[in-house]
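Colleague: I'll drop the sequence and a predicted model, then ask my questions.
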Amino acid sequence: MDLVFRFAAESDVPALVELVESAYRGDASRAGWTTEADFLDGQRTDADEVAGLLDDDDSRVLVAAVADRPGDLVACCHLENRGDYAYFGMFAVRPGLQGGGVGKAVINEAERVARTDFGVREMHMTVISVREELIAWYARRGYTRTGKTSPFPYGDERFGLPKRDDLEFELLIKPLT
């Protein structure tokens with residue numbers, strides 16, 4: 001599948017929200033393997049959050065589309081320049097396309113952008129620690145578990161409605177050499 005990459009524009013906000021929600025929440029997300037529906041209900045993101053990322057001078061939202069359908073977003077991620085490193089988040093691939101190499105292509109492009117546009121030598125991300133299969137996927141791409149954790153924001157519905165009480169984020173890091 002030939003993908004084209006670009007940075008998101010304000011007009012992409014509704015499509016980005018739909019894409020991220022479809023990859024992580026509700027029954028539609030179960031078509032892929034990145035679903036969080038077993039341990040989180042509620043929203044994953046909203047239009048205000050995505051628009052805020054687009055307005056931030058230190059952030060880029062990278063989107064991917066199939067080359068012959070450039071208006072149909074199939075994947076995205078958020079990159080934030082934090083000086084010494086880039087933070088990688090809001091990574092989503094359309095559920096029906098997961099497992100076919102789209103995610104690998106997106107993360108490779110995100111790492112290239114972090115190196116060339118931000119000039120950083122490290123990528124950081126946080127992953128919900130119970131997501132062992134997702135952490136293993138990142139490990140196969142060179143990301144290392146640090147053992148450093150941060151609490152899940154229980155009580156803040158902007159991050160979802162937890163179905164369990166043991167959620168936390170673990171920091172993963174990859175050198176971009």
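Modeller: Structure's in. What do you need?
Colleague: If we ignore the residues flanking it in sequence, what's nearest the residue nearest the centre of the chain?
Modeller: Of all residues in the chain, the one closest to the mean position by C-alpha atoms, centre = their mean is F91, 1.5 Å from it. Leaving out its chain neighbours, the residue that sits closest to F91 by C-beta to C-beta, 6 or more residues apart in numbering is C77, at 4.3 Å. Every residue, glycine included, has its C-beta placed from N, CA and C.
Colleague: Next, the buried residues of whichever helix or strand the one you found is part of.
Modeller: Following DSSP states H and E, one finds C77 within strand 69-81. Using 16 or more other C-beta atoms under 10 Å as the burial criterion, the residues of strand 69-81 that qualify are L73, V74, A75, C76, C77, H78, L79, E80, N81.
Colleague: Quick check: the fourth one touching F91?
Modeller: If I follow you right, that is C76. Yes: at 7.4 Å, C76 and F91 qualify as touching, with contact defined as C-beta atoms under 8 Å.
Colleague: Now the common contact residues for those two.
Modeller: V106 (C-beta atoms under 8 Å, 6 or more residues apart in numbering).
Colleague: ok, and what's touching stretch 26-44?
Modeller: 20-25, 92-99, 128, 130-131, 133-134, 157-158, 160-164, 167.
Colleague: Give the buried subset of these as a ChimeraX selection command.
Modeller: A single ChimeraX command selects the buried members of the contacts of stretch 26-44 (16+ other C-beta under 10 Å):
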select :20,21,22,23,24,25,92,93,94,95,97,98,128,130,131,134,160,162,167
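Colleague: So which of the contacts of stretch 26-44 sit within strands?
Modeller: A92, V93, I128, L161, P162 (DSSP state E).
Colleague: Which one of those is nearest to E122?
Modeller: I128 (21.1 Å; C-beta to C-beta).
Colleague: Show me the beta-bridge partners of the closest one.
Modeller: In this entry, I128 is beta-bridged to F169, by DSSP bridges.
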